[in-house]
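Q: How does the following fold in three dimensions:
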Amino acid sequence: MPTTQDMTTRLDPGLLDALQHQVALFARRAEQTRLAGIGQVRNSMDRAAYLLLNRLDREGPMGVKALAAGMGIDSSTVTRQVAPLVDTGLVKRTSHPEDGRAVVLQLSPRGQARLEEVRDSRRALMEQVTDGWSDSERESFTSLLTRFNQALSARQNGADAPPAVT
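A: Numbering: from 1, shown residues only. Down below sits the predicted model:
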């Protein structure tokens, strides 16, 4: 089985340079715009909040440890990131249905409405940015970006660990 070094030396260094440069540009532009969307909700929700709310929406109420594990970050980070979401009423803490001593985090109705507003805005941005792309091009880009993110996640978590989906 070839090593990572063997595989890298067979790849076109110019292509790898172009790829890393485009990824760096993407990261900078994504942070500059926060890919927040357009309209009044533009730049109004940071990445951490969006990812946490999105996960709670997709997977339902869960504890801090489960939320952290699913996002590939530690519990203390989730606790810090969730605190302002609870303070602003986007997330609520409730008792675990089976173990009343345990606390679970749940998207509040206000959080659900805010998440939908941000999603709509980001969807509009994606439509603008990919104006002129075919559905096939959008699907290909999404598939490749998903694969790229999963590979980065797997590398961060160790090659044998399943990738965290964020």
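
Q: what's the neighbour count on Met45?
A: 23 (other CB atoms under 10 Å). The C-beta positions use only the backbone N, C-alpha and C, and glycine is treated the same way.

Q: Find the nearest non-adjacent residue to it, please.
A: Leaving aside its sequence neighbours, Met45 sits nearest to Val118 (CB to CB, 6 or more residues apart in numbering; 4.9 Å).

Q: Quickly find the element holding Phe153.
A: Quick fix: residue 153 is Ser, not Phe. Ser153 belongs to helix 135-157 when assigned by DSSP states H and E.

Q: how about that helix as CSV, C-alpha atoms only?
A: Coordinates of each C-alpha in helix 135-157 appear next as CSV, following Å, rounded to 0.1, in the frame of the first residue of the first chain:
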residue,chain,number,x,y,z
ASP,A,135,-28.1,21.8,-11.2
SER,A,136,-25.5,19.2,-12.1
GLU,A,137,-22.6,21.6,-11.4
ARG,A,138,-24.2,22.5,-8.0
GLU,A,139,-24.6,18.8,-7.2
SER,A,140,-21.0,18.0,-8.2
PHE,A,141,-19.7,20.9,-6.2
THR,A,142,-21.7,20.0,-3.1
SER,A,143,-20.7,16.4,-3.4
LEU,A,144,-17.0,17.2,-3.7
LEU,A,145,-17.1,19.8,-0.9
THR,A,146,-18.8,17.3,1.3
ARG,A,147,-16.2,14.7,0.5
PHE,A,148,-13.4,17.3,1.2
ASN,A,149,-14.9,18.2,4.6
GLN,A,150,-15.3,14.6,5.6
ALA,A,151,-11.7,13.9,4.7
LEU,A,152,-10.5,16.9,6.7
SER,A,153,-12.7,15.7,9.6
ALA,A,154,-11.4,12.2,9.4
ARG,A,155,-7.8,13.5,9.4
GLN,A,156,-8.5,15.7,12.4
ASN,A,157,-10.1,12.8,14.3
